[in-house]
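*Asks:* The following comprises the amino acid sequence and a computationally predicted model.
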Amino acid sequence: MGEIADKLAKIKESDRVKYFGNLRSLVDANTIERFNQYYRLLTDYDFIEAKINHDKFGIQLLIEDYDLIEDTSLINFQDNYQEDNTATLNNLKIIKQALQLSAHVINQDAKQLAGQLTGRLLIFENQTTIQKLLQQISQTKITWLRPLTASLTSPGNGLIRTLTGHSDSVNAVAVSSDDKYVVSASSDHTIKIWDIARGNVIRTLTGHSDSVNAVALSSNGKYVVSGSDDNTIKVWKLETGELVTTLTGHNSIINAIILTPDGSKIISASSDTFVKVWDLNTCEVLHTLSGHTASIQAVALISQCDKNFIISGSYNILKIWDLETGKEQFTINESDIIYTILVIPEKKLLICGLHDGTITILNIDTWKKEYIFQGHSHAVRNICFTTDAKRIISVSEDKTIKIWKAGTWENEGVINAHTNSVFAVATTSDSKNIISGSGSSIISFPSNEYTIKVWNIEKYIYNNCTDTEYYRETGHKSSVEVVAFTPNGEYLISAAKDDSFILWKVDTWRIEDNIHGKSTSALTLGDNSDNRLFQFKASNIECIFHSIINTLPFLLATTYNGMLQIWSSGNETIKVWDAFTKKIITNFTGESEIRCCAIASDGVTVAVGDASGKVHFLRLEGFEV
């Protein structure tokens with residue numbers, strides 16, 4: 001037990017609460033001694049763990065402790081303070097970001113704190129304070145799966161937060177004008193309102209009886225408007241979640257919704273082939289726009305020559321309508337289904353994302369196509385632009401988020417961290433962050449990732465990337481389907497869906513060999529829906545191994561004596577089951593669906609392959625095998 005843990009154990013509860021809540025006074029004192037105390041607490045694992053587990057505090061209040069001090073706070077006593085202030089502040093920033101990245105897991109299972117921090121901080125091997133924290137974590141007296149490599153997203157990599165809570169696809173996201181809230185629409189029939197800074201759900205709006213496909217916010221920030229597979233549009237109060245009204249009139253699925261800038265009208269697009277314009281105050285239909293002959297997937301609004309026009313997108317067709325009269329103006333042909341339409345007024349551009357992965361750019365003065373390019377390998381599901389109009393962001397069923405430079409249409413960056421199709425995207429008003437939402441589509445490889453992720457745009461611009469090569473070395477580029485230890489225990493072999501094989505050296509966990517293609521690396525001895533059997537040959541190593549696909553939840557691996565078993569339920573978490581006590585003794589949560597697992601002959605070393613292509617190397621600690 002460390003000094004701080006010992007102190008916490010001896011003081012009474014009321015003093016413990018004061019101790020946890022005292023950090024602001026340490027900063028406000030503005031002295032070296034008090035700052036050193038503040039710094040010592042926030043870099044001590046016993047304090048971190050105790051505050052997270054206290055029912056009056058928790059992980060978010062701890063994260064906010066790291067924000068109490070800014071760069072200027074140290075300047076006031078810098079003359080007498082000889083330490084490197086930059087390094088000190090950087091250590092606090094790294095720990096804070098590691099906690100932010102882990103918050104969605106810790107909120108569900110605080111016992112995973114040690115594993116989450118270890119998996120994110122191991123990369124900082126040259127930073128003494130971080131290494132001391134990791135050393136302290138390694139001595140924790142609990143049963144846990146300790147990551148042996150930095151296989152979880154580390155601070156500074158670009159991912160800021162993961163928001164979990166939806167139980168089905170996230171189909172749409174919208175960000176409030178003050179950047180405080182994200183509103184998400186899901187196939188689980190709900191709308192959720194999230195606090196971006198805290199990463200928690202403020203309220204869940206229920207009332208739709210089927211998938212919610214579209215969501216929009218009024219310009220005054222008071223109302224949320226949603227459209228659903230139940231053929232209805234609902235208007236809610238953002239602040240309270242109260243349902244204001246339900247609009248009926250469409251005869252099929254609502255696919256898209258927008259509001260006019262003044263917030264007085266709702267424009268909806270439906271699979272019934274109609275666009276409707278609604279008066280938000282009277283809830284009456286002002287216009288029903290007919291002319292499409294197939295499901296309308298997208299709708300947008302533009303202003304031109306002091307008039308407002310609606311643009312609707314269907315199967316291979318764009319139609320332009322006068323908002324005031326409801327009359328069709330003209331039609332533009334496209335090459336495939338139009339899933340999303342974006343207007344950038346500053347640049348007088350209309351951008352369409354198509355089913356075939358194409359992105360087309362039109363000039364709204366001439367209505368001619370200026371540029372066409374293959375943006376994605378599968379359907380482009382949504383496009384947004386940064387407020388400064390310098391970049392557009394596209395998301396696709398190919399599971400990627402792509403950043404494009406407006407005007408030149410140069411691809412400036414790619415984010416590959418979703419393991420499901422990406423349906424939804426928005427940006428914050430400061431043009432710094434991307435919000436994305438994922439879900440299942442017909443072409444998606446089966447995955448249960450229904451998450452919202454918050455990203456730092458600049459970290460993914462190619463010229464700014466610093467950790468890309470490290471990320472690529474953590475595993476495969478596609479889902480890992482099989483992992484197996486060689487009989488002598490010296491190597492681990494992983495096989496991915498793209499027929500790539502990696503030979504890992506046990507203990508160092510370094511890649512010894514990386515081979516792609518069945519013809520050179522493996523012979524498939526058996527292949528059916530339930531069982532694949534491989535014979536692997538590389539670097540004088542031979543191994544026969546197999547994968548078994550089972551119903552959920554399913555057993556992934558077991559020790560040689562059968563006393564410890566590792567189970568999963570088709571999500572990001574594995575559970576270690578003690579067959580003797582018939583209890584789950586610990587969990588480990590990764591960042592994408594767990595696909596396979598193997599246990600070494602020592603009974604405590606575990607390899608886990610996931611849908612993102614990563615292989616996690618873990619060791620069971622605090623348990624006698």
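*Replies:* Arrived safely. Residues are numbered from 1 along each chain as shown.
*Asks:* For the rest of this, base every contact and every neighbour count on C-alpha atoms.
*Replies:* OK.
*Asks:* what are the ranges of the strands in the stretch 1-150 of the chain?
*Replies:* For the stretch 1-150 of the chain, strands defined by DSSP state E, counting those that start in this stretch occupy the ranges 144-147.
*Asks:* Next: the stretch 201-350 of the chain.
*Replies:* In the stretch 201-350 of the chain, the strands defined using DSSP E, counting those that start in this stretch lie at 212-217, 223-228, 233-237, 243-247, 254-259, 265-270, 275-279, 285-289, 298-304, 307-313, 315-322, 328-344, 349-354.
*Asks:* Buried residues in stretch 475-493, which are they?
*Replies:* Going by neighbour count (16 or more other C-alpha atoms under 10 Å), the buried part of stretch 475-493 is 475-486, 491-493.
*Asks:* pLDDT value on the closest residue to residue 140 other than its chain neighbours, please?
*Replies:* Leaving aside its chain neighbours, residue 140 sits nearest to residue 114 (7.9 Å; criterion: C-alpha to C-alpha, 6 or more residues apart in numbering). In the prediction, the pLDDT value recorded for residue 114 is 98.
*Asks:* Surely residue 114 touches residue 135?
*Replies:* No - contact criterion C-alpha atoms under 8 Å: residue 114 and residue 135 do not qualify, at 10.9 Å.
*Asks:* Looking at the two, which is more packed in?
*Replies:* Higher neighbour count among residue 114 and residue 135: residue 114, with 23 against 13, using other C-alpha atoms under 10 Å.
*Asks:* got the contact list for residue 186?
*Replies:* Residue 186 is in contact with 166, 168, 169, 170, 171, 172, 211, 212, 213, counting by C-alpha atoms under 8 Å, 6 or more residues apart in numbering.
*Asks:* before we move on, the earlier item: out of the strands of the stretch 201-350 of the chain, which gets nearest to residue 607?
*Replies:* Among the strands of the stretch 201-350 of the chain, the nearest to residue 607 by C-alpha to C-alpha is strand 212-217 (38.1 Å).
*Asks:* Let me see the mean pLDDT of that closest one.
*Replies:* Averaged across strand 212-217, the pLDDT comes to 98.
*Asks:* Chain neighbours aside, what residue packs nearest to residue 284?
*Replies:* residue 278 (5.6 Å).
*Asks:* For residue 573, grab phi and psi.
*Replies:* phi -110, psi 140 (degrees, to the nearest 10).
*Asks:* separation between the residue nearest to it when sequence neighbours are not counted and residue 558?
*Replies:* Leaving aside its sequence neighbours, residue 573 sits nearest to residue 589 (C-alpha to C-alpha, 6+ apart; 4.2 Å). Residue 589 sits 18 Å away from residue 558 when distances are taken as C-alpha to C-alpha, to the nearest Å.
*Asks:* same deal with residue 127?
*Replies:* Going from residue 127 to residue 558 by C-alpha to C-alpha gives 37 Å.
*Asks:* what about those two, which has more around it?
*Replies:* Neighbours per residue (other C-alpha under 10 Å) separate residue 127 from residue 558, with residue 558 holding more: 19 against 13.
*Asks:* Residue 138: neighbour count?
*Replies:* As a burial measure, residue 138 scores 16 neighbours (other C-alpha under 10 Å).
*Asks:* show me what contacts it?
*Replies:* Residues near residue 138 by C-alpha under 8 Å, 6+ apart: 114, 146.
*Asks:* Quick one: distance of stretch 161-168 to the chain centre.
*Replies:* What separates the centre of stretch 161-168 from the centre of its chain is 8 Å, taken as C-alpha atoms, centre = their mean, to the nearest Å.
*Asks:* May I have the phi/psi pair for the spatially closest residue to residue 261 that is not a sequence neighbour?
*Replies:* Counting by C-alpha to C-alpha, 6+ apart, residue 219 is the residue found nearest to residue 261 once chain neighbours are left out, at 6.4 Å. When read as degrees, to the nearest 10, the backbone of residue 219 gives phi -60, psi -30.
*Asks:* Surely residue 219 and residue 265 touch.
*Replies:* No - with contact defined as C-alpha under 8 Å, residue 219 does not reach residue 265; the gap is 11.3 Å.
*Asks:* The two: which has the busier surroundings?
*Replies:* residue 265 (22 against 15).
*Asks:* Quick check: the gap between the closest residue to the more buried one other than its chain neighbours and residue 565.
*Replies:* Leaving aside its chain neighbours, residue 265 sits nearest to residue 279 (4.8 Å; criterion: C-alpha to C-alpha, 6+ apart). Remark: distance between residue 279 and residue 565 (C-alpha to C-alpha) = 59 Å.
*Asks:* more neighbours, the two?
*Replies:* Each of residue 279 and residue 565 has its neighbours counted (other C-alpha under 10 Å); residue 565 has more, 19 against 15.
*Asks:* Skip the chain neighbours and tell me the closest residue to that one.
*Replies:* residue 558 (4.3 Å).
*Asks:* Might you report the residue contacts of that neighbour?
*Replies:* 564, 565, 566, 598, 599.
*Asks:* which element is the third one on?
*Replies:* Pointing back at residue 566 there. Using DSSP states H and E, residue 566 falls within strand 564-568.
*Asks:* what element comes up after that strand heading to the C-terminus?
*Replies:* strand 573-578.
*Asks:* quick one: buried residues of the next helix-or-strand element following that next one?
*Replies:* Sequence-wise, the next helix or strand downstream of strand 573-578 (DSSP H and E) is strand 583-589. For strand 583-589, burial by neighbour count (16+ other C-alpha under 10 Å) applies to 585, 586, 587, 588, 589.
*Asks:* Quick check: the farthest pair among those?
*Replies:* 585 and 589, at 14.0 Å, using C-alpha to C-alpha across these.
*Asks:* before we move on, back to that, can you lay out the buried residues of strand 583-589 as a markdown table showing distance to residue 570?
*Replies:* A markdown table is the format used below for the buried residues of strand 583-589 (distance: C-alpha to C-alpha, whole Å):
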| residue | distance to residue 570 |
| --- | --- |
| 585 | 19 |
| 586 | 17 |
| 587 | 14 |
| 588 | 13 |
| 589 | 12 |
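*Asks:* With just CA atoms, put the strand holding residue 566 into PDB.
*Replies:* Extracted in PDB, the C-alpha atoms of strand 564-568 (Å, rounded to 0.1, in the frame of the first residue of the first chain):
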ATOM      1  CA  LEU A 564     -10.300 -21.100 -16.700                       C
ATOM      2  CA  GLN A 565     -12.400 -20.200 -19.700                       C
ATOM      3  CA  ILE A 566     -12.600 -17.000 -21.800                       C
ATOM      4  CA  TRP A 567     -15.900 -16.000 -23.200                       C
ATOM      5  CA  SER A 568     -17.300 -13.200 -25.400                       C
END
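*Asks:* I'd like to check the angle between it and strand 583-589, please.
*Replies:* Our comparison of strand 564-568 with strand 583-589, counting by axes from the mean of the first three to the mean of the last three C-alpha atoms, to 10 degrees, yields an angle of 50 degrees.
*Asks:* which helices and strands does strand 564-568 pack with?
*Replies:* Packing contacts for strand 564-568, counted by 3 or more C-alpha pairs under 8 Å, 6 or more residues apart in numbering; DSSP states H and E, involve strand 554-558, strand 573-578.
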